[in-house]
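*Asks:* Mind folding the following:
(one chain, ligands or ions: 1)
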Amino acid sequence: MNEFEKVSLGIYPTPIHKLPNLSRELGTNVWIKRDDLCGVALGGNKVRKLEFLLADAKKQGYDLVMTTGAAQSNHAMLTAACCLRMGLDCILVLKNHGITARKGNQILNYLMGVEVRFVDTDSYDDIYEEMDRIAAEMGRKVYKIPCGGSNALGSLGYVDCMREVSEYDQHFEHIVCACGSGGTAAGTVLGAKLYMPDTHVMCSMVDNDPFDVIVPELMKEAADLLGTDVELPVPDLLDMCGPGYSIPSEEGNEAISMMMKLEGIVLDTCYTGKAFAGLIKRAREGYYKPEDNVLFVHSGGAGGLFAQDWEKL
Ligand SMILES: Cc1ncc(COP(=O)(O)O)c(C=O)c1O
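*Replies:* Numbers count the residues shown, from 1 in each chain. Here you go, the predicted model:
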């Protein structure tokens, strides 16, 4: 891990603490890793990935970064925030999908003054072509960060997070995280295997992509980057997408309310609510023993929560 350069963007280690009321409610010891409190904008998992990705951009001499995602992308908003901090130019080339109005993360993009361009397509290939076109028009070279920052280098952010968790004075039998583009899941499963081989990781899928292929591929590429030949586990992926990517689900909304009511912690409709609903589902099925310690990775996303029209939910 140490060979990989990263820039310091977040405040790490993020806190880990127990959730006493939820533990009582769910009949097991529930803990939370507060990556939502990492200190950039509204926090979130992307900052760990960006520490590696933007170090790479800088090292390779780029001063223009572009990334993508849906209209309310937390990743895109955090990429802009981190680029501005580092003095890098940033353009967000987003899919015209989801809530494009000046709400939620789009408020933050507006406040940062970052250039946002929407492209009417469902294909990321079209988006990457558009990035090349914009860069060519500007006569500049562009460092393109894939959707969600989910390539092998970005995934190292969560390998590193698992190293951080392994240094905490508490063993966790289980870890639960969200899986939206795959990098967090890949890094978490690989990192747990390397630093806490007895710990089981479950990833709640919040989109319908073929993560049974995507996550193992990313794990393999990240393991190759690290030069480890550790035997890679088959990821435990639970479908929590519900009605569709970024569309709130009943289970997700119940999880958001429970977390807010019992612990005063904010989850979101797109990622962490559905991810935590996966933990609740498993707990209710009796998957966890009463003495188990189950760590939920809070990957941020509060911005998206405030884009929703709650009168209609
Ligand atoms: C708040 C939040 N949690 C979880 C995820 C999922 O992470 P990944 O894209 O690495 O699967 C995202 C991705 O955008 C996110 O914004």
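
*Asks:* burial measure for Lys193, as a count.
*Replies:* If you count neighbours by other CB atoms under 10 Å, Lys193 ends up with 20. C-beta coordinates here come from the backbone N, C-alpha and C atoms, glycine included.

*Asks:* Hmm, I typed the wrong one, I wanted Arg117.
*Replies:* Counted with other CB under 10 Å, residues neighbouring Arg117 total 15.

*Asks:* which SS state does it fall under?
*Replies:* Classification of Arg117 by DSSP: H, G, I helix; E, B strand; the rest coil places it in strand.

*Asks:* so how far is Gly187 from it?
*Replies:* Separation of Arg117 from Gly187 (CB to CB, to the nearest Å): 29 Å.

*Asks:* ok, now Thr228?
*Replies:* For Thr228, the distance to Gly187 equals 13 Å [CB to CB].

*Asks:* Between the two, which is the more surrounded one?
*Replies:* Each of Thr228 and Gly187 has its neighbours counted (other CB under 10 Å); Gly187 has more, 30 against 15.

*Asks:* Distance check, the residue nearest the centre of the chain against Gly187.
*Replies:* The residue lying closest to the centre of the chain (CA atoms, centre = their mean) is Asn45, at 4.1 Å. Using CB to CB, Asn45 is found at 9 Å from Gly187.

*Asks:* The stretch 151-300 of the chain against the ligand: which residues are in contact?
*Replies:* Neighbours of the ligand within the stretch 151-300 of the chain, by CB under 6 Å from any ligand atom: Ala178, Cys179, Gly180, Ser181, Gly182, Gly183, Thr184, Ala185, Tyr271, Thr272, Ser299, Gly300.

*Asks:* from those, which is closest to Asn151?
*Replies:* In terms of CB to CB, no member of those lies closer to Asn151 than Gly183, at 7.1 Å.

*Asks:* and the closest one, what does it touch?
*Replies:* Contact analysis of Gly183 by CB atoms under 8 Å, 6 or more residues apart in numbering lists Lys49, Gly148, Gly149, Ser150, Asn151, Gly154, Ser155, Gly157, Tyr158, Leu218.

*Asks:* out of everything not next to it in sequence, what's closest to it?
*Replies:* Nearest residue to Gly183, sequence neighbours excluded (CB to CB, 6 or more residues apart in numbering): Ser150, at 3.2 Å.
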